[in-house]
Every structure is written in structure tokens, then in C-alpha cells.
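J.: here's a sequence, model it:
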Amino acid sequence: MTGLFERTLSTAEMSEVFDDAALVQAMLDVEAALAQAEADEGVIPASAAAPIVAACVVGDFDVEALVAEARVAGSLVIPLVQALRRRVAARDPQAADFVHRGSTSQDILDTAMVLATRRALALVSADLERLIDALLALADQHLATPILARTLLQPAQVVSFGFKVVGWVAPLVRARARLRRAGGAALQLQFGGAVGTLASLGEGGEAVARRLAERLGLGLPAGAWHVQRDAWVALGCEVALLCGSLGKIGRDLALLAQGEVGEVAEPSGAGRGGSSAMPNKRNPVAALVAIAAATRAPHHAAALLAAMPQEHERGLGNWQAELAEWPSLFLAAHGAVRALADIGARLEVDADRMAANIAACRGTVFAEAAAAVLAASLGRAAAGRLVERLVRTSAAEGRDLLALLEDEAASDPVLATVDRAALAAAFDAEAAAAQAAGVARNQLNALRRRESKS
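T.: Numbering: from 1, shown residues only. Next comes the predicted model:
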């Protein structure tokens with residue numbers, strides 16, 4: 001069972017995909033499909049398949065006992081197959097001899113994890129679609145809404161909120177495409193027998209593998225990938241990358257939701273984001289979940305990568321470590337994408353507060369644009385020095401940068417030649433936002449073209 005705190009950061013659906021009973025049932029599903037495939041090919045008697053399939057029901061197994069035995073056996077499949085044979089023997093003693101024929105523990109475990117991962121990817125993909133749709137609509141709605149761009153956590157220039165949202169959604173669109181490709185490469189049958197050659201099945205091995213893949217709806221690889229973990233780990237790394245992109249959104253939301261900033265807020269109500277001690281609190285819970293996922297995912301991905309140098313034809317300890325790490329990546333990713341998808345269409349955007357925060361900078365965020373206008377009269381270096389000096393004066397005296405420039409122009413004949421209309425335009429937040437909106441619009445169009453092809 002997933003740990004208590006991990007479950008609070010994920011979803012019930014993803015927890016169910018990787019819970020003990022679901023994973024054991026997935027192993028039993030592989031055993032059942034194997035018996036059917038082998039019966040189809042005449043490798044085992046047709047009469048043996050039905051009692052094996054009938055016995056492959058997780059409710060008939062003591063999962064905790066299997067776990068205890070696996071600590072000694074080194075693999076969960078060993079006690080599982082023993083228990084399965086006993087249950088089949090109770091129905092048909094002769095059929096019990098054909099349980100697990102030609103397979104090995106890793107075949108069953110890897111294929112079971114592939115089946116679970118297929119379900120996990122479907123959950124992630126569904127909520128990722130919702131989040132992408134919500135953010136594309138939000139970007140459209142606020143394409144020209146002025147907001148401060150911040151670099152190194154300090155006010156920098158003025159862009160548009162739509163421009164910022166495009167920066168959130170573009171990596172998600174790319175992540176969706178990469179997950180599809182990585183999933184296609186990784187969701188493959190694992191079936192090689194003891195050392196990957198299917199030697200115990202003789203000439204019938206390839207036909208059984210083909211039948212088994214068909215029954216499970218999985219891709220059929222050219223051979224077993226017992227120690228060839230590249231495609232599998234690549235999928236895990238793509239999930240970790242998604243977590244990082246979701247964490248970026250969460251981090252920005254958390255910063256924008258700070259009381260001192262107050263530009264964006266998660267929806268409230270029904271106990272959402274409350275505090276056990278402070279009734280005034282409105283905590284950004286979805287941001288919290290996304291940041292937690294981005295914090296944990298790199299460590300899980302690193303463990304998968306570290307487990308790749310597996311010994312000879314079967315790994316010792318590293319493959320087992322990979323199995324233990326794998327579910328946590330998906331639990332984190334789905335918790336984050338679901339949390340953000342649930343609020344994406346209901347984010348509260350305060351355009352007035354955005355404008356007020358721009359105004360509170362007293363024009364200093366337009367310093368670069370102002371220096372560009374002044375450069376026509378003063379030269380670039382002199383214009384830069386002047387604006388830098390006046391920015392410091394603005395901070396010290398609390399005066400607006402444009403007013404300080406106008407005062408300077410009144411006493412400086414060179415500055416008096418500056419185009420006043422162009423200088424005033426350099427301080428126009430709407431114009432700055434429009435520039436950003438143009439860039440964002442091009443990116444949105446490119447994203448939508450990509451959407452239409454996907």
C-alpha cells in the first residue's frame with residue numbers, strides 16, 4: 001500500500017493502479033494470458049488453460065503472506081507461482097504442471113508493471129489534456145493583460161500574463177508528445193525465459209510470445225529486455241521531466257499568490273487551503289502538490305538511471321530497486337497534474353493588482369526602454385549612465401522615473417531634444433504588454449498547430 005503522506009500528494013486512482021492487490025492481479029493476468037497463449041500454440045494442453053485462468057484471481061491469495069515469503073525468496077513471483085500451482089491443483093492436478101511454463105520471474109513482473117504503467121499513463125494523459133486546455137484558454141483570455149516580469153525574483157520589465165501562461169503550457173505540450181513516444185517504445189511485452197532465449201519453449205517460443213503480446217495488447221519487441229532498460233528508464237525520465245514542468249507552474253503560482261503580490265489566487269471554498277490555526281490563510285494547495293512532485297521526482301529518476309548497469313543477463317539488486325522506485329514517479333506526476341488541472345480553469349486573476357504592482361515600481365521597470373529612446377540624443381553609454389543614476393534617485397526619493405527625466409530635460413539642452421512622445425510611450429504598460437502579446441500569440445498559434453497534428 002502507498003504510504004500515508006505519499007497518498008496525500010497523489011490521487012486515489014493512481015494509488016489504486018500501484019496498490020498491492022492491483023499489482024499482484026497484474027502478475028496473475030500475465031500468468032493467465034501466458035497459459036492461454038501456450039494453449040493456443042499447443043505448447044500446453046488446451047484443457048490446462050481454463051483451470052489456470054480460473055485460479056488467477058487476487059482475492060484468493062494472501063498478499064501479505066506472499067510479501068513475507070518474497071523477502072526470503074528474492075522475488076514476489078516465486079511464492080506467487082507456488083501458491084498459484086496449489087490453487088490450480090485443487091481444480092485440476094494435471095493442469096498445475098503447466099503453470100508458468102517457459103517463463104521466468106522477471107518476465108511476469110516486468111510485464112505486470114508494463115500493464116500497470118499503461119493504466120498510469122492513461123490517467124496522467126487525461127489530466128494533462130485538461131490542464132493544457134485550461135492554460136491555453138487562460139493565455140488567450142489574458143494575452144494583453146500587463147504584468148511584471150520578474151528575474152532573480154526582482155521586478156524586471158512589463159510583459160503580459162498571457163505571455164507568462166504560454167511559458168507554462170508550452171513545456172506541457174512538448175511533454176505530452178514525448179510521453180506518447182516514450183510510452184510507445186516502453187510498453188512492450190517482456191518474455192524471454194531464464195536468460196532471454198526462450199530455450200525451454202523451443203521453436204514455439206516466438207509464436208507464444210506473439211500470442212501473449214496480442215492477448216495483453218502490448219507491443220512485441222525483437223527480444224527480451226531483461227537488462228536493456230533504456231526505453232523503460234527513458235519513459236521514467238520523461239515522467240520526471242513532466243513533474244519539473246508542473247513544479248515550475250506551481251512555483252510561479254505560489255509566488256504570484258503571496259499576499260504582498262496578490263496577482264493570482266487558487267480558487268477557495270470548501271476548506272481548500274485553510275490553516276489549522278489562522279483563519280486568514282488561503283494557501284495555494286495545488287501549487288504545493290506540484291512543487292512536492294518536482295522536488296521528489298529527480299531522486300526517483302536518478303535511482304532508475306543508477307540501476308541501469310545491470311549484471312550480465314539478469315540484474316542483482318538494481319532491477320529490484322527500479323521496481324520499488326517506479327510507482328512513486330507516477331504517483332507524484334498524477335498528483336501534480338490532477339491538482340493543477342482541477343484549478344486551471346478557475347484561477348482567479350487580479351489584473352488591477354497586476355497594474356498596481358507595475359505602478360508601484362515608479363516607472364523603473366521601463367528603464368531599458370527609456371534608455372533606448374534617450375540614446376538617440378545622448379548616445380547609448382551616456383543614456384545608460386543617466387537612467388541608472390535616476391533609478392537610484394527614484395528608489396531613494398520615491399519619485400517616478402519619468403518625472404525625474406522630465407526634470408532633467410528642463411535643465412539640460414541636450415535632453416530637451418529628446419522626442420517627448422517617444423519617451424512617454426516607453427513608459428506605457430499597455431504597449432509593453434502588447435509587445436509580449438505578439439510574441440505569445442505566435443507561440444500559441446504554433447502550439448495549436450502542434451495540437452491539431454497530435
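J.: just after the helix or strand where residue 330 lies, pick out the following helix or strand.
T.: Using DSSP states H and E, residue 330 falls within helix 318-344. Scanning forward in sequence from helix 318-344 by DSSP H and E, the next helix or strand is strand 348-349.
J.: just the buried positions in the helix or strand following that following strand, please.
T.: The element immediately downstream of strand 348-349 (helix or strand, assigned by DSSP H and E) is helix 351-359. Within helix 351-359, the residues that count as buried by 16 or more other CB atoms under 10 Å are 353, 354, 355, 357, 358. (Glycine included, C-beta is placed from N, CA and C.)
J.: contacts for helix 351-359, please.
T.: Helix 351-359 is touched from outside by 142, 145-148, 155, 158, 161, 261-263, 365, 429, with contacts defined as CB atoms under 8 Å, 6 or more residues apart in numbering.
J.: among those, which ones are buried?
T.: In the contacts of helix 351-359, burial by neighbour count holds for 142, 145, 146, 147, 148, 158, 161, 261, 263, 365, 429, counting by 16+ other CB under 10 Å.
J.: circling back: adding pLDDT, write the buried residues of helix 351-359 out as CSV.
T.: Supplementary listing: the buried residues of helix 351-359 in CSV, determined by pLDDT from 0 to 100:
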residue, pLDDT
353, 98
354, 98
355, 98
357, 98
358, 98
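J.: can you give me how far stretch 150-160 is from the chain middle?
T.: Computed by CA atoms, centre = their mean, to the nearest Å, the chain-centroid distance of stretch 150-160 equals 26 Å.
J.: my error: substitute stretch 90-106 in the last question.
T.: The chain centroid and the centroid of stretch 90-106 are separated by 40 Å, computed with CA atoms, centre = their mean.
J.: just to revisit the earlier point, among the buried ones among the contacts of helix 351-359, which are in strands?
T.: 146, 147, 148, 158 (DSSP state E).
J.: with the residues you listed in mind, which one is nearest to residue 121?
T.: residue 147 (34.5 Å; CB to CB).
J.: for the longest helix seen in the chain, packing partners?
T.: Longest helix in the chain by number of residues (criterion: DSSP state H): helix 105-141. On a contact count with 3 or more CB pairs under 8 Å, 6 or more residues apart in numbering; DSSP states H and E, helix 105-141 meets helix 12-17, helix 20-40, helix 77-91, helix 161-186, helix 230-257, helix 318-344, helix 429-453.
J.: in terms of mean pLDDT, which of these ranks lowest?
T.: Lowest mean pLDDT within the helices and strands packed on helix 105-141: helix 429-453, a mean of 90.
J.: buried stuff in it?
T.: 429, 432, 433, 435, 436, 437, 440, 441, 443, 444, 447.
J.: give the contact list for the last one.
T.: Meaning residue 447. Taking CB under 8 Å, 6+ apart, we find residue 447 in contact with 136, 166, 169, 170, 173.
J.: for the first one, same thing?
T.: Residue 429 sits next to 146, 158, 355, 358 when contact means CB under 8 Å, 6+ apart.
J.: ok, now the second one?
T.: Contacts of residue 432 were listed using CB under 8 Å, 6+ apart, and they are 146, 157, 158, 159, 366, 369.
J.: let's see it at 10 Å
T.: Counting by CB atoms under 10 Å, 6 or more residues apart in numbering, residue 432 touches 146-147, 149, 157-160, 358, 365-366, 369, 425-426.
J.: ditto for the fifth one
T.: With contacts taken as CB under 10 Å, 6+ apart, residue 436 has the following neighbours: 143-147, 149, 157-164, 166.
J.: make TSV out of the contacts of residue 432 and add distance to residue 325.
T.: TSV is the format used below for the contacts of residue 432 (distance: CB to CB, whole Å):
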residue	distance to residue 325
146	44
147	39
149	37
157	42
158	44
159	39
160	41
358	45
365	45
366	49
369	49
425	56
426	53
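J.: closest one to residue 334 out of those, please.
T.: Nearest member of the contacts of residue 432 to residue 334, counting by CB to CB, is residue 147, at 30.0 Å.
J.: my guess is that closest one meets residue 158, correct?
T.: Yes - contact criterion CB atoms under 10 Å: residue 147 and residue 158 qualify, at 7.2 Å.
J.: okay, and the common contacts of those two?
T.: 354, 355, 358, 429, 432, 433, 436.
J.: hmm, which two among these are most spread apart?
T.: Going by CB to CB, the pair spanning the shared contacts of residue 147 and residue 158 furthest: 355 and 436, at 14.7 Å.
J.: ok, and the closest non-adjacent residue to the most centrally placed residue in the chain?
T.: Centroid check for the chain by CA atoms, centre = their mean gives residue 242 as the closest residue, at 2.7 Å. The shortest distance from residue 242 to any residue other than its chain neighbours is 4.5 Å, reached at residue 175 (CB to CB, 6 or more residues apart in numbering).
J.: okay, now residue 344: neighbour count?
T.: Per other CB atoms under 10 Å, the neighbour tally for residue 344 reads 24.
J.: now for it: which residues touch it?
T.: Each residue near residue 344 by CB under 10 Å, 6+ apart is listed here: 127, 130-138, 165, 168-169, 249, 286, 337.
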